[in-house]
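[1] coordinates only, sequence not included:
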């Protein structure tokens, strides 16, 4: 996966390579299409791959535009224009999108030093929200940085928990993050606590219970108020 602030040209290169791989029958390219492109996914359960053979998959007509869509979906964008808009915004280092995405990466990486600097320079970041247009329901999950720390309801490849997650949580909450802010995912509205208790990355990292304790200390609840 590319870095969150990769230039659009890198995504274009990925799409070119993916299309070339499909044309030559590379197994990894075929797997990429089958896991991400709507032509290979269930119509009623859009994240579920259809049960077809490799031969049937290879018989599906694929164009260069399909490769662009598959790359966009691999990063959980709705389509290529959504990815393009995001990459353009992130490239502008002074934009709200760029500032938020840098902070989100600092959160999931456990980069306390960078997060401290970002919050000092822009205190409103603790209340900012993601504006990514995703292939979710609904399309924009509007997660705060605290939701990213819960590692649930956001882009799948960004659902990871740093070992110092408790420190990061205290930084965000101490800076004024709303412990009961709601984000939109799985067809509903969810608090960070609701996302956290059902999330496997924090559990696997051994930080789920300590994070719950910190959120409770700041008045967090599971159900929306």
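    Here it is on my side, so go on. Keep in mind that what you see is a predicted model, and the values were worked out from it rather than measured.
[2] And stretch 103-111, how far out from the chain middle?
    Averaging C-alpha positions (C-alpha atoms, centre = their mean, to the nearest Å) puts stretch 103-111 12 Å from its chain's average.
[3] To clarify, my last question referred to stretch 22-33.
    Taking the mean of its C-alpha atoms, stretch 22-33 sits 24 Å from the chain's own mean (C-alpha atoms, centre = their mean).
[4] For that stretch, which residues meet the burial criterion?
    For stretch 22-33, burial by neighbour count (16 or more other C-beta atoms under 10 Å) applies to 22, 29, 30, 32, 33. In this view, the C-beta of every residue, glycine as well, is placed from N, C-alpha and C.
[5] repeat for stretch 51-71
    Per 16+ other C-beta under 10 Å, stretch 51-71 contains these buried residues: 57, 62, 66, 67, 68, 69, 70, 71.
[6] so where's the chain uncertain?
    224-225 (pLDDT under 70).
[7] what residue lies at the spatial centre of it?
    Centroid-nearest residue in the chain, with C-alpha atoms, centre = their mean: residue 155, separated by 1.9 Å.
[8] how much space between that one and residue 218?
    25 Å (C-beta to C-beta, to the nearest Å).
[9] Residue 120 now?
    Residue 120 is 20 Å from residue 218, by C-beta to C-beta.
[10] and if you look at residue 19?
    From residue 19 to residue 218 the distance is 48 Å (C-beta to C-beta).
[11] just residue 74 next, same as before
    35 Å.
[12] These two: who's more crowded?
    Remark: of residue 74 and residue 218, residue 74 carries more neighbours, 21 against 16, as counted by other C-beta atoms under 10 Å.
[13] so who does the closest residue to that one other than its chain neighbours touch?
    Excluding the flanking residues, the one nearest residue 74 by C-beta to C-beta, 6 or more residues apart in numbering is residue 36, at 4.8 Å. Neighbouring residues of residue 36 by C-beta atoms under 8 Å, 6 or more residues apart in numbering: 70, 71, 73, 74.
[14] Residue 144 contacts residue 124, correct?
    No - using C-beta atoms under 8 Å, residue 144 is not in contact with residue 124, being 11.4 Å away.
[15] The two - which one has more neighbours?
    Set side by side, residue 144 and residue 124 show more neighbours around residue 144, with 25 against 12, by other C-beta under 10 Å.
[16] List the contacts of that one.
    126, 127, 128, 129, 177, 178, 181, 183, 192.
[17] export those residues to JSON lines and tack on distance to residue 166 and neighbour count?
    Listed next are the contacts of residue 144 as JSON lines, based on distance: C-beta to C-beta, whole Å; neighbours: other C-beta atoms under 10 Å:
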{"residue": "126", "distance to residue 166": "17", "neighbour count": "21"}
{"residue": "127", "distance to residue 166": "21", "neighbour count": "14"}
{"residue": "128", "distance to residue 166": "22", "neighbour count": "19"}
{"residue": "129", "distance to residue 166": "23", "neighbour count": "17"}
{"residue": "177", "distance to residue 166": "14", "neighbour count": "22"}
{"residue": "178", "distance to residue 166": "18", "neighbour count": "17"}
{"residue": "181", "distance to residue 166": "19", "neighbour count": "21"}
{"residue": "183", "distance to residue 166": "21", "neighbour count": "25"}
{"residue": "192", "distance to residue 166": "14", "neighbour count": "33"}
